[in-house]
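>>> Compute the structure for the input listed below.
(one chain, ligands or ions: 1)
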Amino acid sequence: MASPPDTSKTIKLERYNSYIRRVNSTKLLNASSKLLFRATLLIALILVFLFTFNYPPLSDNSQHAHPHTRTNFLTSAFYGGGAAWEKLVRHSATPRRPNGMSVLVTGAAGFVGTHCSLALKKRGDGVLGLDNFNSYYDPSLKRARQALLSKHQIFIVEGDLNDGPLLTKLFDVVPFTHILHLAAQAGVRYAMQNPQSYVASNIAGFVNLLEVAKSANPQPAIVWASSSSVYGLNTENPFSELHRTDQPASLYAATKKAGEEIAHTYNHIYGLSLTGLRFFTVYGPWGRPDMAYFFFTKDILQGKSIDIYRTQDDKEVARDFTYIDDIVKGCLGALDTAEKSTGSGGKKRGPAQLRVYNLGNTSPVPVGKLVSILEGLLNTKAKKHVIKMPRNGDVPYTHANVTLAYRDFGYKPSTDLSTGLRKFVKWYVSYYGIHSRAKKENHTTNEQPEDSA
Ligand SMILES: O=C(O)[C@H]1O[C@H](OP(=O)(O)OP(=O)(O)OC[C@H]2O[C@@H](n3ccc(=O)[nH]c3=O)[C@H](O)[C@@H]2O)[C@H](O)[C@@H](O)[C@H]1O
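This is a model prediction of the structure:
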């Protein structure tokens, strides 16, 4: 007969296992309570942060804005209020010279906005930027421009033109003397892909800004970016401010033209001083990647083919390409000669200034010539694909008459296309760290160049 099994070992083993289970469950309990504690701490910290930088979240207006241009809740919370935030805003907007301006620059992280902000700050004016950092083109370029401005003590509030409460808050904190309104949905051809974004920024956003400006005390004087595209199918040359602008060829042009009419209304009813500047194909360092000179450079360097448009009747397409430094001088000249708005408490108290100026280069250049200048600077042959201009809103020709801007604030463009493109290419190869066959003089170190404004 077999002897009974020795259970003493089994019992010991079970005791041991139960001990291990107890130890493990205690560990688990400890671990989960630690986790719970950390999560609670994190939530508490976030709440403290949100209350410290308190600002009401998105307004109804901005909820309706195009997703492209919508203010992000977190960035509103980060940037939109609280004592620390107000201090940054005030510091940035305070002039450092006697009788200096305090300018709200919308679209400050944009191409023209960045250059103008730097130029204003350099001469001692106060500058506060506003930008929604949308993704129409590479936002990292906008962030790099923001970093450049930040080095010069210029703060950009991240927010949308359609965010009425945010704009009102900015005017509560700073009595801006001027607005340089450059924020817009740019680009002629993109209007066929995303028409609503033009309405949201160039019309709804502009009206929202004017609504806040007309109620502000004091009312600021406003200088804003219109466009050469308002001349549309005009055939008289060179384009003068007296020529007709009622035949826009693109929705972009139509929204800029609408802006000019809206400006008239706000000037007429509320006494806002308004100056529209019709920019002619602005180019230069820190430029816009959606523009032909910029993506031609990229494509030529990458060995990709580029489309060169010709008109339907097989003529060359030409543009009055205008260098950024000339445009900056024009913008500052317009600001310096802008008279005060006359309204107060939302009511007009007398007639106010209403102006429109061409800011061009007065010397149109065919697109083919632009490409051959780039080929020379990049020391690379372009793969050219010459095609009839698609029906995409482009006009065949632009040419500015700038007599009016010269008469009123001495505007005199002084940079020809070759000189301006050389500066652009120099910036481009440096910014993107390209070691191309670009001519020796275009090579620089990898350091971020200062802007040329
Ligand atoms: O003055 C303005 O108010 C506008 O200027 C700018 O528009 P445009 O003058 O159209 O510049 P841009 O696109 O660089 O095309 C340049 C040339 O290249 C031709 N072009 C273009 C693309 C292409 O693939 N091939 C080509 O030949 C094209 O036909 C054109 O002849 C701004 O983008 C716009 O926001 C607005 O500010």
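
>>> And for Thr398, the neighbour number?
The number of residues packed near Thr398 is 26, by other CB atoms under 10 Å. The way it works is simple: take the backbone N, C-alpha and C, and place the C-beta from them, glycine included.

>>> could you list every residue that touches it?
Ser228, Tyr231, Phe239, Phe280, Thr281, Ala318, Arg319, Asp320, Gly360, Pro364 (CB atoms under 8 Å, 6 or more residues apart in numbering).

>>> Now for the residue sitting nearest the centre point of the chain: which residues touch it?
Nearest residue to the geometric centre of the chain (CA atoms, centre = their mean): Gly110, 3.0 Å. By CB under 8 Å, 6+ apart, the contact list for Gly110 reads Asp131, Lys142, Arg145, Leu182, Ala183, Ala186, Arg288.

>>> Pretty sure the second one sits in a helix.
Put plainly, it is Lys142. Yes: under DSSP: H, G, I helix; E, B strand; the rest coil, Lys142 sits within a helix.

>>> I figured it hits Ala109, correct?
Yes: in terms of CB atoms under 8 Å, Lys142 counts as a neighbour of Ala109; the distance is 4.1 Å.

>>> Between those two, which contacts overlap?
Asp131, Phe133.

>>> mind checking pLDDT for His66?
Listed pLDDT for His66 reads 34.

>>> An error on my part: the question was meant for Val112.
Val112 is assigned 99 on the pLDDT scale.

>>> How about it: what's its closest non-neighbour residue?
Distance criterion CB to CB, 6 or more residues apart in numbering; nearest residue to Val112, sequence neighbours excluded, is Leu182 at 5.3 Å.

>>> ok, now which ones touch the one you found?
Contacts of Leu182 (CB under 8 Å, 6+ apart): Val105, Thr106, Gly107, Ala108, Gly110, Val112, Gly113, Cys116, Trp224, Ala225.

>>> Please enumerate the strands of the stretch 201-350 of the chain.
Assigned by DSSP state E, counting those that start in this stretch, the stretch 201-350 of the chain shows strands spanning 221-227, 274-279, 282-283, 305-310, 318-319, 322-323.

>>> Does the third one reach the ligand?
Which is strand 282-283. No: residues of strand 282-283 are not located near the ligand by CB under 6 Å from any ligand atom, the shortest gap being 6.6 Å.

>>> Given that strand, what are its sheet partners and their directions?
With DSSP bridges as the test, strand 282-283 is paired with strand 322-323 (parallel).

>>> chain center to the strand it pairs with: distance?
18 Å (CA atoms, centre = their mean, to the nearest Å).

>>> That one and the ligand, are they touching?
No: applying CB under 6 Å from any ligand atom, one finds strand 322-323 out of contact with the ligand, separated by at least 8.1 Å.

>>> Give me the mean pLDDT for that strand.
In the prediction, strand 322-323 has an average pLDDT of 99.

>>> cool, stretch 263-274 as well?
In the prediction, stretch 263-274 has an average pLDDT of 98.

>>> Then stretch 329-344?
Computed over stretch 329-344, the average pLDDT equals 98.

>>> Over to stretch 413-429?
98.

>>> Distance from the chain centre to it, please.
21 Å.

>>> and if you look at stretch 421-437?
Worked out by CA atoms, centre = their mean, stretch 421-437 lies 22 Å from the chain centre.

>>> which parts of that stretch are buried?
The neighbour-count criterion (16 or more other CB atoms under 10 Å) identifies 421-431, 434, 436 as the buried residues of stretch 421-437.
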